[in-house]
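Student: Sequence isn't available, so here's the structure alone:
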């Protein structure tokens, strides 16, 4: 006992002294997005972060995540201080995490943005936007992820919303996918047209030039601003000014050698430096967002007309407010432009005054339209029809089953209630399957056969293994397995008491029911959501992943554990009880030995599935191989993706073999 | 005071399962040192009576008290707060042995001490040394010390049942309640278990209450018989009182044919 106390004391001291050291330099966390970039994101940013530490005198921790939600939550709870965001996520960070824009990135050539495009196949009969927007339900269309600026928001705001067109009713089918999938869907003819952006096309040009050759750009959007750099408002003024001067001078300071060095780092990051910015940087994205809200409100089937009108009014109000801000910016820009133009006029008195006229008329025509189109929509009949077809099919089978099970002339007859219940179960299942046939698109099943060569083509890309960096992948996979291991063990420890309390033969009903519902909740909530909650407390990284897995797995294991407990033989429990043992000993000796083999088997099985689930958690920056995998898929790196998949398969196989051995030993 | 407390006293106890009456207004008293056979046809309520006595099932409300050596087990359909103390005084032997099958016979014998040692010792499996010593002695006495290290699941029925008796010995029980202890055993094992119970009764003065299907075993090993029929005690007296007519009354008319085919030898 004394030894334990001493160890704890020593640990506490060590922690305290560690904290003291950390306080000597102020520490900030810098988050970067790693969408559509290579797996080496952190390695690429490392020299930049080192320079940042050296210049600002701050201790800078770098975190990278694919999904913004996690970073924004982390920022909200002070786990991230400065971040490179996309426009849309930057806007959410400002709203949710009390952040503000202080700089924006530039592309390597110094451009201030990129463009959204719509792609068709080169041999497509669609020549103009009007060809695409015939809206007779004959064409199919691919949008980007619902939150993607270039893939979804810009096309909605610039093409569909102004024309009052709802993509869902205009096209036979609208899919949502990432840029890579969209491009390939167009190349392979699965959709007639799809959205994309210029940055992504540049990347595709390098990785799959042959795919690009089959594509034609139908439409190009106005410039979409570059990404904002955002900090938390409550950073101290000293920290803010250190950061600002670092970002604005980086790549353009010191002697030629230093500039060359810093420019090389920026180039690796696909950046051309930074310019100062304010929240006004996000005005265009706010307009896009409102346009999207408008389109969604108009298109939504779920809204009552009254509710729809209220929402439209809200959107309209927000647009008015936005217009005031936009005008303020536009006026300031116009003033600057006019001063510049007048200056030129004075320098060259003969120059045409057209410049000034153009500026003013452009300003006037750019004033945004605010009126909102109010369209009435009716619920489509097809859903009702499908429901009726499903119901009809179910009833038909029900009748058939009842006739088939009528009392035989010879032999025993079955109870009427048994016949009814059996017929209801099977016909109900049949009806549900019919009803779900169209929403699940099961009618596409034959495509698997006819389009098999295309799948082969896609898969062939994976056979050009790119073994570079497999050590990194193996290390990341190991981290994933380690996350899964701890997640499972924590879950097992929690699931033992919960599982027992959820067993009807152990606990009274007023405990069993609440515990079961709690476990249902644990199971029902997606690991990604749970991970985002834990990010708020523990920051981005593997530990949030461990806790997310643990919570979800607790829900699963507690249910399985309790089912095992409910199936035990009461004999040994009575045997122990009859000796005068207390309830804890009844459980320890009467229950646990009976269920241990099953419990161990369930726990090991969950360990295997958690190894797989842990790869998904890379999405919210929980580390491990999942993050690397998704980055590679998004950047079309088939060879590397294949290598990663092989390593994951090897790891899962190894875990499976080991757990099989353990199971044999334990049972 | 304690010396005059009966080993078992049952006072006007009724037990129904739904509408089926398992035991009807039964009263019984067993004095320390007795060896009593509970007999009756299947479903007559003899097992229910024994299980009620250990508080493994609860009587209907309105029933009187059940006491073991003066300690109350239950009354009016509610377990007494001192039920564990009462249970600790009586070792219970089951037809299906009810050992912890994944634990060794040795560990099973030690479980007999759970009513006497601190709960944490049982939970962590750190039994005191004297329990460990008693467990080996008990296994020695019932003749299965050679199998002490084996899992109960890997032993024969007779060996498991003797392990269960060893558990009762480690418990330092003053009485043993045995519910059909030999119904699942072969004749040799059955004889061995019954002799062991009789020996514990004679040499150690343990009270033994045993439910039996086999009337010949009852006649051979017990001195007092309690017979039940349809939940009612219809005979309570010396074993010699189980005359041919009495047995026919207990088991029904068809028992006449049974006795004519295989005469019962005392």
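Tutor: Sure thing, it's come through. Keep in mind it's a predicted model, so treat the numbers as computed, not measured. Residues are numbered from 1 along each chain as shown, chains lettered A, B, ... in the order given.

Student: C-alpha only now, for contacts and for neighbours.
Tutor: Fine.

Student: check contacts around residue B:164.
Tutor: By CA atoms under 8 Å, 6 or more residues apart in numbering or on different chains, the contact set of residue B:164 is B:93, B:97-99, B:108-109.

Student: The residues you listed: which ones sit near chain A?
Tutor: Contacts with chain A within the contacts of residue B:164, counted by CA under 8 Å from any CA of the partner chain: B:97-99.

Student: What ranges does the stretch 1-150 of chain B have for its helices?
Tutor: Secondary structure of the stretch 1-150 of chain B, counting by DSSP state H, counting those that start in this stretch: helices at B:46-53, B:83-88, B:105-110, B:119-124, B:129-142.

Student: number of nearby residues for the residue of the stretch 151-266 of chain B found nearest chain A?
Tutor: Using CA to the nearest CA, the single residue of the stretch 151-266 of chain B nearest to chain A is residue B:171, 6.9 Å away. Residues lying near residue B:171 (other CA atoms under 10 Å in any protein chain shown) number 27.

Student: for residue A:500, same thing?
Tutor: Residues within reach of residue A:500, counting by other CA under 10 Å, total 25.

Student: Beyond whichever helix or strand residue A:324 is part of, next helix or strand please.
Tutor: Assigning secondary structure by DSSP states H and E places residue A:324 in helix A:305-347. Under the assignment DSSP H and E, the closest C-terminal helix or strand after helix A:305-347 is helix A:354-365.

Student: angle of that next one against helix A:305-347?
Tutor: On the basis of axes from the mean of the first three to the mean of the last three CA atoms, to 10 degrees, helix A:354-365 is oriented at 170 degrees to helix A:305-347.

Student: helices or strands up against helix A:354-365?
Tutor: The helices and strands touching helix A:354-365, judged by 3 or more CA pairs under 8 Å, 6 or more residues apart in numbering or on different chains; DSSP states H and E, are helix A:305-347.

Student: in chain B, which spans are strands?
Tutor: B:8-17, B:20-30, B:35-39, B:66-68, B:71-75, B:78-79, B:90-93, B:175-179, B:207-211, B:224-229, B:232-238 (DSSP state E).

Student: ok, back up a step: of the ones next to chain A among the contacts of residue B:164, closest to chain A?
Tutor: Looking across the ones next to chain A among the contacts of residue B:164 and measuring by CA to the nearest CA, the closest to chain A is residue B:98, at 4.4 Å.

Student: how about the closest residue to chain A within the stretch 101-250 of chain B, what does it touch?
Tutor: In the stretch 101-250 of chain B, the residue that lies nearest chain A is residue B:115 (4.3 Å; CA to the nearest CA). Contacts for residue B:115 (CA under 8 Å, 6+ apart) come out as A:579-582, B:84-85, B:88, B:171.

Student: hmm, 7 Å instead?
Tutor: The contact partners of residue B:115, by CA atoms under 7 Å, 6 or more residues apart in numbering or on different chains, come to A:579-581, B:84, B:88.

Student: again with residue A:507
Tutor: residue A:501.

Student: And residue A:528, by the same measure?
Tutor: residue A:617.

Student: about what we covered before: tell me the spacing between the residue of the stretch 101-250 of chain B closest to chain A and residue B:73.
Tutor: The gap separating residue B:115 from residue B:73 is 14 Å, by CA to CA, to the nearest Å.

Student: How about residue A:467?
Tutor: 74 Å.

Student: who's more crowded, those two?
Tutor: The residue with more neighbours, out of residue A:467 and residue B:73, is residue B:73; 26 against 14, by other CA under 10 Å.

Student: Excluding chain neighbours, what is closest to that one?
Tutor: Excluding the flanking residues, the one nearest residue B:73 by CA to CA, 6 or more residues apart in numbering or on different chains is residue B:83, at 4.7 Å.

Student: what does residue B:194 give?
Tutor: residue B:221 (7.3 Å).

Student: Near that neighbour, how many other residues are there?
Tutor: Per other CA under 10 Å, the neighbour tally for residue B:221 reads 18.

Student: Next: residue A:179.
Tutor: 26.

Student: Can you name the helix or strand that the closest residue to it other than its chain neighbours falls in?
Tutor: Once flanking residues are discounted, residue A:179 sits nearest to residue A:196: 5.7 Å by CA to CA, 6+ apart. Element membership of residue A:196 [criterion: DSSP H and E] is strand A:193-197.

Student: what lines up beside that strand in the sheet?
Tutor: According to DSSP bridges, strand A:193-197 has the following sheet partners: strand A:113-121 (antiparallel), strand A:140-143 (parallel).

Student: Make TSV from those strands and add mean pLDDT and mean neighbour count to it.
Tutor: Shown next, in TSV, are the strands paired with strand A:193-197 (pLDDT from 0 to 100; neighbours: other CA atoms under 10 Å in any protein chain shown):
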stretch	mean pLDDT	mean neighbour count
strand A:113-121	87	22
strand A:140-143	88	26
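
Student: With distance to residue A:288 as added columns, please give those strands in a markdown table.
Tutor: Listed next are these as a markdown table, based on distance: least, CA to CA, whole Å:
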| stretch | distance to residue A:288 |
| --- | --- |
| strand A:113-121 | 13 |
| strand A:140-143 | 15 |
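
Student: ok so, going back, go ahead and confirm the residue of the stretch 151-266 of chain B closest to chain A touches residue B:109.
Tutor: No: the pair residue B:171 / residue B:109 is not scored as a contact, 8.6 Å apart, by CA atoms under 7 Å.

Student: For the stretch 1-150 of chain B, which residues are neighbours of chain A?
Tutor: B:54, B:84-85, B:87-88, B:91-92, B:98-100, B:102, B:111-112, B:114-115, B:119, B:122-123 (CA under 7 Å from any CA of the partner chain).

Student: Which residue, other than its chain neighbours, is closest to residue A:204?
Tutor: Nearest non-adjacent residue to residue A:204, counting by CA to CA, 6+ apart: residue A:212, 6.8 Å away.

Student: Equivalent analysis for residue A:394, please.
Tutor: residue A:431 (4.1 Å).

Student: distance of the one you found from residue A:440?
Tutor: Residue A:431 is 14 Å from residue A:440, by CA to CA.

Student: With neighbour numbers in mind, choose between the two.
Tutor: residue A:431 (24 against 10).

Student: Please, which helix or strand holds that one?
Tutor: In the assignment (DSSP H and E), residue A:431 maps to helix A:416-436.
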